[in-house]
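Undergrad: For reference, the sequence and a predicted model appear below.
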Amino acid sequence: RISSLSAIEILDSRSRPTLAVTLAVDGATQVTAGVPSGASTGTREAVELRDGDKARYGGLGVTRAVGNVNGEIAAAVRGREFAGLGELDRALIELDGTETKSRLGANAIVGVSMAAARALAQSAGVPLWRYLTPEGVAPRLPVPHFNVVNGGAHAANNLDFQEFMIAPLGAPTLTEAVRAGAEIYAKLRGLLAGAGHSVGLGDEGGFAPQIDTPEDVLTLLVHAIEDAGYRAGRDGVAIALDPAASEFHRAGFYQVAGEKLSSDEMIERYALITDRFPVYSIEDGLAEDDWDGWTRLNARLGERVQLVGDDILVTNPAITTEAIAKNVANSALIKVNQIGTVTETLETIRICREAGWTQMISHRSGETPDDFIADLAVGTGCGQLKTGAPARGERVAKYNRLITIEAANENLPYGLG
Ligand code: PGA
Ligand code: ZN
């Protein structure tokens, strides 16, 4: 039984308003969830409700979403008996009544869902990750994917690819993986500064140097990995990319570093990149509306490269099912606020698992110190988490949560699995 529920408007890491939702179930103390928010969003994501009142936060206020939690949602669920999170989430979906959660706001609904999961775990006396573990699944500590160079919609530089991540696949433990990430980040800062580049940070805590071509960034990254004393590759520290190609797909072409590429030319560019550099994973290599291109990309590289769908799948169970049937990728990015409830997120993860697709849990570029996704990654045993650079409090909060979980649970395995 939910005994209390309320929300307030707080700030996210980009200084934009978001929600903090506070909830309690009978016999347990109150818990709070902070709601994340993206910048390079997929068009089919659940709808984030913003006020649009230009006089407050340039229209980005969330007082209507806050009002929906404190008003309609609280009235519907407070004092009511729910068998579990699934039942609550279904009630929220029904109450909203739209396909995209646009009436009450996915930001309102996801905050309630996350807070409820946390409260239910607490009242069950188990850590959140254990509460989120599906039947028959073995929890594990995920490989952290540190986004150390930011471009695209997350930085003011000319770099078209959005994210360059380092993934310590070969680390013996999560704690050692975090150490590798931080040591390589420090080396990279030195290399950039030494070459006269800015070491200012982008939205996810990675550096945002004035470098134009992705290959130049990759060359630097391999240097940083090796200078820090690690092997660059799958047996050491590999590289993962999120070009977020929907953002540079214009008028039917991929516009990268001054070039205009067709889908097939873009695919060949990735083939070259994965030959030359230890890139093991590419997310959103093509645009969300280029399904035919995705199918050809998967046929060309899917055997040896993880091809992760983010904007194209938006953590939506129905879209993911269709994408699996059409063989457009081999992996899904998982963001709780893209679909709007924890239950539907777990459903998309299950669909991927059963189809043999890998899953990578993800933060958003706008975050709070909420560390929910660290527990989600451990509990679902998916083996992969991306949550920015090993810097900035809202990113580090998640990595530190993983370290804390590892310290308290020595038997949890680490790695992709
Ligand atoms: P977003 O970016 O949170 O700004 O949408 C993250 C991503 O594209 O993976
Ligand atoms: Zn992405």
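TA: Good, I have the coordinates. Ligands and ions are numbered 1, 2, ... in the order given.
Undergrad: Output the residue of this protein whose distance to ligand 1 is smallest.
TA: Per C-beta to the nearest ligand atom, Gly38 is where the chain lies closest to ligand 1, at 2.9 Å. All C-beta atoms are positioned from the backbone trio N, CA, C, and that covers glycine.
Undergrad: Spatially nearest residue to Ser198, not counting backbone neighbours?
TA: Leaving aside its chain neighbours, Ser198 sits nearest to Pro209 (5.8 Å; criterion: C-beta to C-beta, 6 or more residues apart in numbering).
Undergrad: Pull the contacting residues for that neighbour.
TA: With contact set as C-beta atoms under 8 Å, 6 or more residues apart in numbering, Pro209 has these partners: 149, 157, 159, 192, 197-199, 217.
Undergrad: was I right about the residue of the chain closest to ligand 1 contacting Glu367?
TA: No. Counting by C-beta atoms under 8 Å, Gly38 does not reach Glu367; the two are 9.9 Å apart.
Undergrad: what's around the nearest residue to Ser37 once chain neighbours are set aside, how many residues?
TA: The shortest distance from Ser37 to any non-neighbouring residue, by C-beta to C-beta, 6+ apart, is to Gly366 (3.7 Å). With neighbours defined by other C-beta atoms under 10 Å, the count for Gly366 comes to 22.
Undergrad: What of the one 5 residues further on?
TA: Taking other C-beta under 10 Å as the neighbour definition, Asp371 ends up with a count of 23.
Undergrad: Closest residue of the stretch 101-250 of the chain to ligand 2?
TA: Using C-beta to the ion, the single residue of the stretch 101-250 of the chain nearest to ligand 2 is Asp242, 4.4 Å away.
Undergrad: Over to the stretch 251-400 of the chain?
TA: Among the residues of the stretch 251-400 of the chain, Asp310 lies closest to ligand 2, at 3.5 Å counting by C-beta to the ion.
Undergrad: show me what contacts that residue?
TA: The neighbourhood of Asp310, defined by C-beta under 8 Å, 6+ apart, consists of 42, 242, 244, 283-284, 333, 335, 362.
Undergrad: Could you rerun that using 10 Å?
TA: Contact analysis of Asp310 by C-beta atoms under 10 Å, 6 or more residues apart in numbering lists 38, 40-42, 242, 244, 246, 283-284, 288, 329, 331-335, 338, 360, 362, 386.
Undergrad: cool, and Asn316?
TA: Neighbour list for Asn316: 42, 44-46, 99-100, 322-323, 332, 338-340, 344, 347-348, 351 [criterion: C-beta under 10 Å, 6+ apart].
Undergrad: at 6 Å what do you get?
TA: The contact partners of Asn316, by C-beta atoms under 6 Å, 6 or more residues apart in numbering, come to Ile339.
Undergrad: ok so, going back, leaving aside the residues next to it on the chain, what's closest to the residue of the stretch 251-400 of the chain closest to ligand 2?
TA: Leaving out its chain neighbours, the residue that sits closest to Asp310 by C-beta to C-beta, 6+ apart is Leu333, at 3.9 Å.
Undergrad: contacting residues around the helix or strand hosting Arg64?
TA: For Arg64, the element it lies in under DSSP states H and E is helix 63-68. For helix 63-68, the surrounding residues in contact (C-beta under 6 Å, 6+ apart) are 7, 9, 19, 49, 51, 104-105, 107-108.
Undergrad: try stretch 231-247
TA: So stretch 231-247 is contacted by 40, 145, 152-153, 161-163, 165-170, 180, 221-222, 225-226, 230, 278-288, 311 (C-beta under 6 Å, 6+ apart).
Undergrad: From the residues you listed, which land in strands?
TA: Under the assignment DSSP state E, those contribute 145, 163, 165-167, 279-283 to strands.
Undergrad: what about the helices in the chain?
TA: Applying DSSP state H to the chain gives helices spanning 63-68, 74-77, 85-96, 106-124, 128-131, 174-194, 214-227, 263-276, 291-301, 317-325, 336-339, 342-355, 372-380, 393-408.
Undergrad: Do the fourth one and ligand 1 come into contact?
TA: Spelled out, it's helix 106-124. No. Judged by C-beta under 6 Å from any ligand atom, helix 106-124 stays clear of ligand 1, getting no closer than 13.2 Å.
Undergrad: From the chain's centroid, how far away is that helix?
TA: Computed by C-alpha atoms, centre = their mean, to the nearest Å, the separation of helix 106-124 from the middle of its chain amounts to 18 Å.
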